[in-house]
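Participant: No letters, just coordinates:
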RNA sequence: GCCCGGGUGGUGGAAUGGCAGACACUCAGGACUUAAAAUCCUGUGACCAGAAAUGGUCGUGCGGGUUCGACUCCCGCCCCGGGCACCA
């Protein structure tokens, strides 16, 4: 036999799997289902990186294992191909994004197939395919067609809302007339206020550099996440999705999910539930009421001033609700006015607003000292009629709560700082101790006991809150309120490469959805898709596409539009939406399309959906990167819940169990720093704020400064052999007083530490790459790449191959087959009596280890502990290496267990040793079963402790009774010696594990 | 600042109340070879004693506690990674 050569066998098996559709998924009601899903990739121009195969191998192992255990397995793959990078690349190179996408997808597909993943390729989907985005548009129309019924906490068809208005069961909001008295336009406007997809003028993150608006999540530190361009706030009419309506259900749904605690916590923080009260403050000498949200209604007696966000409508100078008076009240302190603009309140407020608007997000975050101005107006505290000044300050955010707060400096750090800055009173209303009025240093933010608060004096904070809310509600001064931090989802983008919105704008300013038969609304094939440079989206260049005539069908309120040729009687002019959907749209529901990917009647056939998603509910295992913790995963859950409410899916949640694979870092690096003069500097002296550049020799250099002197320093990589460890530090061997920085970095082009999976496959084969990525450590952990480590698993596969086929020089076949009560060589040759005896001895010797191996690998796959399963297989293989002859059954078991991890070599060995008896694929053989009784050795060595210290061991039969074990322990001469002259107080036997004696 | 996760040999890691360091990498020695590579065998936590076999002591970030027994559970601290952050 030739040596193990992955190149020659891997491609062969990949072809066989593909041609014979070995891994096709089917609805099979006789079998339980298992849906194992990968986060589908964005097919970038870079190709696959080593992070992709990590999660994809893990899911592939589970998919292959579950098939072997008799499950009907769904394991699909596709492409999340709309999005900014393709568009940016297209603009740069002047190629159409569709062409780039096609090219990238075929590269990605080829790479994934070269890794031998068991996807059902007939289910491949692509979010940019009109036959796919047709249904993305269809679901958008369902969102548009749904309103959220608070009383049922459920999304319902908009027609049912219309019926409620029409029958008079529900009053038309903000309108005295009856529903039937309103014209079609007005009816559409009213309904638009309820739809889950609606338009609003919102301050958007406009990014001039990208020529588009961005979602809040795509803006980091005032810069775009992609490209790092500056972002400014501008008002714009945008499509929004009412995800806030589902805040409560999105939060509560988390409890039912098998997700990591940290991931759930990220979603909980993002949704941001807080409980408290809405309190109404009368603005002094004016008609307006100022509402504030507080989580500490129990501190209401401690309010000493109020604060409005700079963007709050009550301080929009010149507007009718503006509360800023014409002149300062008498004796306003000079410090309460804005320096340089202190003539009248309006000038101070405007000057302050202008100053705030000019501050970057970064400046605000770095400088948390308190600034603000007095509005010149007072509010009246409803509980004690006290007049308190109203300030404007940027420490209050317009986007949270009502954009206004009641300030209680004694019990809030921020209010405390502000009060000190502006000389405002600080009044204690909580004491840390029940028996003292003034316990605990101010500001006291922790719970305590109410003081100086007539309605609730003496109550513990936890009781004082509901008591105060009760009082407020009775007197109509406020009400209990749960507030969520999450905001509605900004759903439109001024981009070309995304799904067009399936609706039209009518001349009266309202919108009408396209009739379902009009879908897909194809993206026009624009030659010029570049940004316009203004806020007008690229699609504004598609005039013929955008300007259409439509017929409106159905009742005026819920009419749908059908595009007709110009001149059609009854048609009206309409303009298509020029924005496109954000990249998240296609990934919100792709897991459903895989189930029925070629259906042109529905997004997914009902019974098919039910088979894969109902029992157990949702995707059974979803693996992907943690970078999608709050965006994709929250948006998907939201869409899924809407589809659930509307009866299109059968589970409440899309992804029941979710695992994040850990990042793979570059190979460990040792960096030593030196000054320009070449003087070494210890890592402890280096400012840890680093940047990278290409050095003069082409190798990357790290730039920093001396922590104390500020002198520029350069860090250069050191060979591992020049480094040694002293205590907790790594130092240069040549200069042990110089500490170096030892760690692994995220892979990046600029650092030059990127590992390309194609190279690894070319050198070691897909099986070794898969095996190594699983062997590195726990799936969820961050791990550094190690080329030496890949060689380790590569050696393991070589050793396995040699155990079965011998070496090139020595083809001695070691595999023997049992034939009744005798043994023969696998190639049919007879065996000598001595070989017969050795064969039987080997079989006896391997029996128990084999059962233990089956148990170990099975249990480890179930708990996704792939690294330990691999080490168990290595151990078993090492056992085989030492034997002169190897029973075929042991090899078969090993390759069967190995198949999910290293499928190509497993197929090849199976095929070669099974001969004519072979099935088409080793994956068709059921998973081996183990006998628990054969997993333990017949005899075992029991360690004996005396006073917790290991003092000897005895050998007993595995099933020996406690009494018997203790007897042989006490009979042991070594133990007797150690016990001599001591008084034995207690004997403990842990079955099969340990004996503990106490003297 | 708040929340979550983690800290075990030279390295990646194993062991979740019962023999710490499985498996692998690295390194060293040996076998095979004209030689090298590959392969195989042996050793490889630290310290002490011994010519050696071997024996002993210490050891899972630090300090305390629970237990016959703690890497594992509890309390306090230190450090690293991640998330959120003037969220009322």
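Facilitator: Sure thing, it's come through. Here the structure is a predicted model, which is why all the values come from computation and not from measurement.

Participant: For the rest of this, base every contact and every neighbour count on C-alpha atoms.
Facilitator: Noted.

Participant: So residue A:347 is in contact with residue A:339, correct?
Facilitator: No. Assessed by C-alpha atoms under 8 Å, residue A:347 is found out of contact with residue A:339, at 10.4 Å.

Participant: More neighbours: the two, which one.
Facilitator: Between residue A:347 and residue A:339, counted using other C-alpha atoms under 10 Å, the more crowded position is residue A:347 (18 against 13).

Participant: And that one, how far from residue A:686?
Facilitator: 48 Å (C-alpha to C-alpha, to the nearest Å).

Participant: do the same with residue A:608
Facilitator: Relative to residue A:686, and taking C-alpha to C-alpha, residue A:608 is found at 60 Å.

Participant: Mind checking which of those two has more residues around it?
Facilitator: Shown here are residue A:608 and residue A:686; by other C-alpha under 10 Å, residue A:686 has more neighbours (25 against 15).

Participant: In chain A, what residue lies closest to RNA strand B?
Facilitator: In chain A, the residue that lies nearest RNA strand B is residue A:294 (2.6 Å; C-alpha to the nearest atom of the strand).

Participant: What score does that residue have for pLDDT?
Facilitator: Predicted confidence (pLDDT) for residue A:294: 94.

Participant: Make sure it is actually in contact with residue A:408.
Facilitator: No. Look at residue A:294 against residue A:408 with C-alpha under 8 Å: they stay out of range, at 10.3 Å.

Participant: helices or strands next to the top helix by length along chain A in the packing?
Facilitator: Criterion DSSP state H: the longest helix present in chain A is helix A:833-862. On a contact count with 3 or more C-alpha pairs under 8 Å, 6 or more residues apart in numbering; DSSP states H and E, helix A:833-862 meets helix A:51-68, strand A:822-825, helix A:866-881, strand A:886-887, helix A:888-898.

Participant: And for stretch A:956-972, what's in contact with it?
Facilitator: A:936-942, A:944, A:953-954, A:975-976, A:987, A:989, A:991-992, A:995 (C-alpha atoms under 8 Å, 6 or more residues apart in numbering).

Participant: Please parse chain A into its domains.
Facilitator: For chain A, the structural domains run A:273-484, A:669-743, A:757-934, A:937-998, going by automatic domain parsing.

Participant: in the stretch 551-700 of chain A, which spans are helices?
Facilitator: A:584-587, A:590-593, A:606-613, A:632-645 (DSSP state H, counting those that start in this stretch).

Participant: can I get those in CSV with distance to RNA strand B and mean pLDDT?
Facilitator: What follows is those, written out as CSV (distance: least, C-alpha to the nearest atom of the strand, whole Å; pLDDT from 0 to 100):
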stretch, distance to RNA strand B, mean pLDDT
helix A:584-587, 17, 94
helix A:590-593, 24, 98
helix A:606-613, 28, 97
helix A:632-645, 13, 96
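
Participant: Quick one: closest of those to residue A:18.
Facilitator: Closest approach to residue A:18 among the helices of the stretch 551-700 of chain A is made by helix A:590-593 (21.1 Å; C-alpha to C-alpha).

Participant: For the stretch 151-300 of chain A, what lies in contact range of RNA strand B?
Facilitator: A:261-263, A:265-266, A:269-270, A:272, A:274, A:276, A:293-296 (C-alpha under 7 Å from any atom of the strand).

Participant: Read off the pLDDT value for residue A:216.
Facilitator: pLDDT at residue A:216 comes out at 63.

Participant: show me what contacts the residue nearest to the spatial centre of chain A?
Facilitator: Note on chain A: the residue nearest the mean C-alpha position is residue A:629, at 2.2 Å, using C-alpha atoms, centre = their mean. Residues in contact with residue A:629, defined by C-alpha under 8 Å, 6+ apart, are A:263, A:266-267.

Participant: Please pick the buried ones from these.
Facilitator: By neighbour count, with 16 or more other C-alpha atoms under 10 Å, the contacts of residue A:629 hold A:263, A:267 as buried.

Participant: okay, the contacts of residue A:629 in JSON lines with pLDDT, distance to residue A:679 and secondary structure next?
Facilitator: Shown next, in JSON lines, are these (pLDDT from 0 to 100; distance: C-alpha to C-alpha, whole Å; DSSP: H, G, I helix; E, B strand; the rest coil):
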{"residue": "A:263", "pLDDT": "91", "distance to residue A:679": "46", "secondary structure": "helix"}
{"residue": "A:266", "pLDDT": "90", "distance to residue A:679": "45", "secondary structure": "helix"}
{"residue": "A:267", "pLDDT": "92", "distance to residue A:679": "49", "secondary structure": "helix"}
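
Participant: and which of the contacts of residue A:629 is nearest to residue A:493?
Facilitator: Nearest member of these to residue A:493, counting by C-alpha to C-alpha, is residue A:267, at 24.1 Å.

Participant: for residue A:516, phi and psi?
Facilitator: phi -50, psi -30 (degrees, to the nearest 10).

Participant: Now that it has come up, it's in contact with residue A:139, right?
Facilitator: No. Here residue A:516 does not reach residue A:139: they are 10.4 Å apart, not a contact under C-alpha under 8 Å.

Participant: Any stretches of the stretch 301-450 of chain A with poor pLDDT?
Facilitator: For the stretch 301-450 of chain A, the stretches with pLDDT under 70 are A:360-362, A:365.

Participant: now chain A
Facilitator: A:1, A:215-222, A:360-362, A:365, A:688-690, A:694-699, A:721, A:725-729, A:808-812.

Participant: contact partners of stretch A:528-536?
Facilitator: Contacts of stretch A:528-536 (C-alpha under 8 Å, 6+ apart): A:91, A:208, A:210-212, A:494-496, A:537-539, A:541.

Participant: so how many other residues sit close to residue A:333?
Facilitator: Other residues within reach of residue A:333, judged by other C-alpha under 10 Å, total 12.

Participant: Could you check how far it is from residue A:389?
Facilitator: The value you get for residue A:333 to residue A:389, if C-alpha to C-alpha is used, is 12 Å.

Participant: Also residue A:420?
Facilitator: Applying C-alpha to C-alpha to residue A:420 and residue A:389 gives a distance of 15 Å.

Participant: neighbour count winner among the two?
Facilitator: When residue A:420 and residue A:389 are compared for neighbours, residue A:389 comes out ahead with 19 against 13, by other C-alpha under 10 Å.

Participant: Where does the nearest residue in space to that one that is not next to it in sequence fall, secondary structure wise?
Facilitator: Distance criterion C-alpha to C-alpha, 6 or more residues apart in numbering; nearest residue to residue A:389, sequence neighbours excluded, is residue A:378 at 4.3 Å. Assigned by DSSP states H and E, residue A:378 belongs to strand A:373-380.

Participant: That strand near RNA strand B anywhere?
Facilitator: No. Using C-alpha under 7 Å from any atom of the strand, strand A:373-380 never reaches RNA strand B; the gap is at least 13.3 Å.

Participant: which parts of the stretch 451-600 of chain A sit against RNA strand B?
Facilitator: residue A:485.

Participant: Try it again at 10 Å.
Facilitator: A:482-487 (C-alpha under 10 Å from any atom of the strand).

Participant: got the buried residues for stretch A:283-300?
Facilitator: Quick answer for stretch A:283-300 (16+ other C-alpha under 10 Å): A:283-284, A:290-300.

Participant: From the rest of the structure, what touches the helix or strand harbouring residue A:802?
Facilitator: Following DSSP H and E, one finds residue A:802 within helix A:787-805. Helix A:787-805 is contacted by residues A:1, A:3-4, A:667, A:764, A:768-769, A:771-772, A:776, A:811-815, A:874, A:877, A:880-881, A:886, A:891, A:905, A:909 when judged by C-alpha under 8 Å, 6+ apart.
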